[in-house]
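>>> Predicted coordinates and the sequence they were generated for:
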Amino acid sequence: MTSLIDELSEWTGSAFEDLELPKEMGRVTLSDRPDLAQFQCNGALAAAKLAKKNPREIAAAVVDKLKAMPAFSEITIAGPGFINLKLSDTFLSARISAVAHDARFGVPLATEPKTIMIDFGGPNVAKPMHVGHLRSSIIGDSLQRLITFAGDKTVSDIHLGDWGLQMGQLISEIEIQMPDLPYFAPGAEGPFPKESPVSLEDLEALYPQAAAACKIDEDRKELARQATAKLQSGHPGYRALWKHFIDVSLSAIKREYQLLDVTFDLWKGESDVNDLIDPLVNDIEAKGFSEISDGALIVRVERDDDKSEIPPLILRKSDGSVMYGTTDVATIQDRMTTYDPDTVLYVVDQRQHLHFEQVFRTVNKIGLADSEKFEHIGFGTMNGTDGKPFKTREGDVMKLFDLIAMAREQASKRIEEAGLAVDQTDEQRAEVARMVGLAAIKFADLSNHRLSNYIFDLERFTAFEGKTGPYLLYAAVRIKSILRRAKDEGLDGEVETLSVTSDAERGLVLELLKLPDAISGAYEKRAPNILCDFVYAVAQAFSRFYSMHHILSEPDDALRRSRLALCALTLGEIELVLGLLGIEIPERM
RNA sequence: GACCCCGUAGCUCAGCUGGAUAGAGCAACGGAUUUCUAAUCCGUAGGUCGCAGGUUCGAAUCCUGCCGGGGUCGCCA
């Protein structure tokens, strides 16, 4: 099924074509003036310029061709040549009935599926996950759900930060604090102890100590650099110790993603391409793409038409170790051979934009892959209510785990205040609070355009009223409740055709028919906020419908069933879209 | 200094492949309920779309300059 707006565009496009005007000019959009029309086409104005004719004349000619179609109840020309369209209730009724009987609610499935990889620019091993990881997780997860639904094949990779300087900082810190450990014995080849010498808590304490020491002391930093280089070149003790870090942190990282309900196909990291690096770097060198500069091996990626200076990508530092630019290039090589993706999305903070520009140019230059295949899906920062980067009351970085807990507690408080879920067990209430808290966070994050910075205000996000996750859950749960009662009381039944008889019904139907456009818009722009706007508009239209018509008490059997079917369809679309946003809906609340 | 992102109602944000009267939510004010879960619905008020030019029949949207906020600019990620 094509989207309604595409189908209307097809019709008006053909009319333009008949007049020997470009078909694209027939593009139909939602009306800017809902008081006058449901849809509009502004093509006559552009066509007038092209054909050097009067726009109203062109509009009149187009309208003449469309007049015969029974789908339209009203076609008018307004102003300088806007074509205003209204669809007949009969047409809308047939259309919405078809959508109601379609498992995909009229959303087309990709005819030529692509393979799209999603790189989440994952957390660093040994560092606690903080609020900075929230956006990449939520946005990336929504994109993977959306793209999968659209019919493409997605392969998501958490892509852990496990091979950079932070590893050397940590290893050297432990070596300083616990020099007697077997990992540090000169010439030690192993085997080394199976038990980790450090716990997760140790790691979380050690990393800040190491980072702080390196920041103020150049000699200390040099130790970290050396440790990094030795780790990467295969020092057995360091490798063994490093492996412990990974194992210990991974359990924590997995726990956090489970709380967020975010999953990955691949749990790879920077270190996974280590074996590819030497051959790759040698090859780049041999082919003459690189050069030595200040002791480092670099690839120049600047171009003549650059507006600003693009620094080179450093393949190998002067101490011989590699940074994430090199592992990112090697990872692309790995992905191209293993998955041959059409596109790779990097869901990473916008501040790293230059880095990705360098990486994409590098792979293009060395002939590894066309840089067009790669997209940096950047996002802005999450700020506190003071407009500054989000911190705890004490001024520390807020841990992700704590943030999720806060949202759950806040949701729990709200539920209690509102006297909801009183007939449920404590466990059920806790589960509802979990879902409401998560919905609050996710919906608030995703409803902002990803590039803009946004203010994290839990009070507002968990509010009962307005454009929030909890409101949407409530709307969905209310529909579930009606459907449940209808079933229990035997009031439902099969419905062939949904009727469109009132303003409230028409309004809801028109919203529901926008689903394919919301999906394609969000897909093309990689912008989940479009889904948020859509689902909120549907919920609002439903609330209006719900307040206008008392469904279960409707005496006319056919009308009641039709309205119940409309409820079911509304619920279906809300469930689908909230699902694409990674938001779960409880059965009742 | 160069470059990137942002600047839209009192607040938080959409809209930005140019089109008619710039939209939501919150807050404010006025209504609706013996409810199918009112975490709701209806209505009113609120905007020189940062500023100044330019392109265009038409600019929040495109171009140029400036102002303000954030960010980035070779051996961190």
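Perfect, thanks for sending it. Residues are numbered from 1 along each chain as shown, chains lettered A, B, ... in the order given.
>>> all contacts plus neighbour counts: C-alpha atoms, from now on.
OK.
>>> counting contacts, what elements does the helix or strand bottoming out on mean pLDDT in chain A pack onto?
Every helix and strand of chain A was ranked by mean pLDDT, DSSP states H and E. The lowest is helix A:43-51, at a mean of 88. If contacts are counted by 3 or more Cα pairs under 8 Å, 6 or more residues apart in numbering; DSSP states H and E, helix A:43-51 sits against helix A:55-66, strand A:82-87.
>>> Need the contact partners of it.
When contacts are defined by Cα atoms under 8 Å, 6 or more residues apart in numbering, helix A:43-51 is touched by residues A:21-22, A:25-27, A:53-56, A:58-59, A:80-83.
>>> And it, what's buried?
By neighbour count with 16 or more other Cα atoms under 10 Å, helix A:43-51 contains the buried residues A:43-45, A:47-48.
>>> out of those, who's near RNA strand B?
Among the buried residues of helix A:43-51, the residues within reach of RNA strand B (Cα under 7 Å from any atom of the strand) are A:43, A:45.
>>> before we move on, back to that, just the buried subset of the contacts of helix A:43-51, written out for PyMOL, thanks.
Selecting only the buried entries of the contacts of helix A:43-51 in PyMOL, with 16+ other Cα under 10 Å as the criterion:
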select buried, chain A and resi 21+22+25+26+27+55+56+58+59+81+82+83
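>>> just the contacts of helix A:43-51 now: which is nearest RNA strand B?
Lowest distance from RNA strand B to the contacts of helix A:43-51 (Cα to the nearest atom of the strand) belongs to A:Phe82, with 5.2 Å.
>>> who in the stretch 451-589 of chain A is up against RNA strand B?
Going by Cα under 7 Å from any atom of the strand, the residues of the stretch 451-589 of chain A near RNA strand B are A:451-455, A:463-468, A:470-471, A:474-475, A:477-478, A:481-482, A:529-530, A:533, A:540-541, A:543-544, A:546-553, A:587-589.
>>> For ChimeraX, write the selection for the buried entries among those.
Remark: buried members of these, expressed as a ChimeraX selection using 16+ other Cα under 10 Å:
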select /A:453,454,455,463,464,467,468,470,471,474,475,477,478,482,529,530,540,541,543,544,546,551,552,588,589
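>>> Could you look up the SS state of A:Glu385?
Rather than Glu, residue A:385 is Thr. Here A:Thr385 is coil, with the state taken from DSSP: H, G, I helix; E, B strand; the rest coil.
>>> list the contacts for the residue nearest to it when sequence neighbours are not counted?
Nearest residue to A:Thr385 in three dimensions, chain neighbours excluded: A:Ile455, at 5.7 Å (Cα to Cα, 6 or more residues apart in numbering). Neighbour list for A:Ile455: A:382-385, A:387 [criterion: Cα under 8 Å, 6+ apart].
>>> let's see it at 10 Å
Applying Cα atoms under 10 Å, 6 or more residues apart in numbering, we find A:Ile455 in contact with A:381-390, A:444-445, A:448.
>>> residue contacts, A:Ala94?
A:Ala94 neighbours (Cα under 10 Å, 6+ apart): A:100, A:496-500.
>>> In terms of model confidence, name the weakest of those residues.
pLDDT is lowest at A:Glu496 among those; the value there is 89.
>>> A:Glu7 versus that residue, what's the distance?
23 Å (Cα to Cα, to the nearest Å).
>>> To which secondary structure element is the residue sitting nearest the centre point of chain A assigned?
Residue closest to the mean C-alpha point of chain A, counted by Cα atoms, centre = their mean, is A:Ile139 at 2.7 Å. Element membership of A:Ile139 [criterion: DSSP states H and E] is helix A:132-150.
>>> continuing past that helix, what's the next helix or strand?
As assigned by DSSP H and E, the chain's next helix or strand after helix A:132-150 is strand A:153-157.
>>> quick one: buried residues of that following strand?
A:153-157.
>>> can you pull the contacts of whichever residue of the stretch 201-350 of chain A sits closest to RNA strand B?
Ranked by Cα to the nearest atom of the strand, the top residue of the stretch 201-350 of chain A for proximity to RNA strand B is A:Lys317, at 3.2 Å. Neighbour list for A:Lys317: A:229, A:292-298, A:323 [criterion: Cα under 10 Å, 6+ apart].
>>> I'd like to know which of the helices and strands packed on helix A:43-51 is closest to A:Leu259.
strand A:82-87 (45.5 Å; Cα to Cα).
>>> domains of chain A?
Using automatic domain parsing, the domain parsing of chain A gives A:4-87, A:165-260, A:270-377.
>>> TSV for these, including distance to A:Gly121?
Shown next, in TSV, are the domains of chain A (distance: least, Cα to Cα, whole Å):
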stretch	distance to A:Gly121
domain A:4-87	36
domain A:165-260	13
domain A:270-377	6
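>>> out of the ones you listed, nearest to A:Leu512?
The nearest among the domains of chain A, by Cα to Cα, is domain A:4-87 at 10.5 Å.
>>> Spell out which residues of the stretch 201-350 of chain A are next to RNA strand B.
So far as Cα under 7 Å from any atom of the strand goes, the stretch 201-350 of chain A lies against RNA strand B at A:225, A:292-298, A:307-312, A:314, A:316-319, A:322-325, A:350.
>>> Those in strands, which ones?
Counting by DSSP state E, these place A:292-293, A:296-298, A:314, A:316 in strands.
>>> Among those residues, which one lies nearest to A:Gln424?
When these are compared for distance to A:Gln424 (Cα to Cα), A:Ile314 wins out at 58.9 Å.
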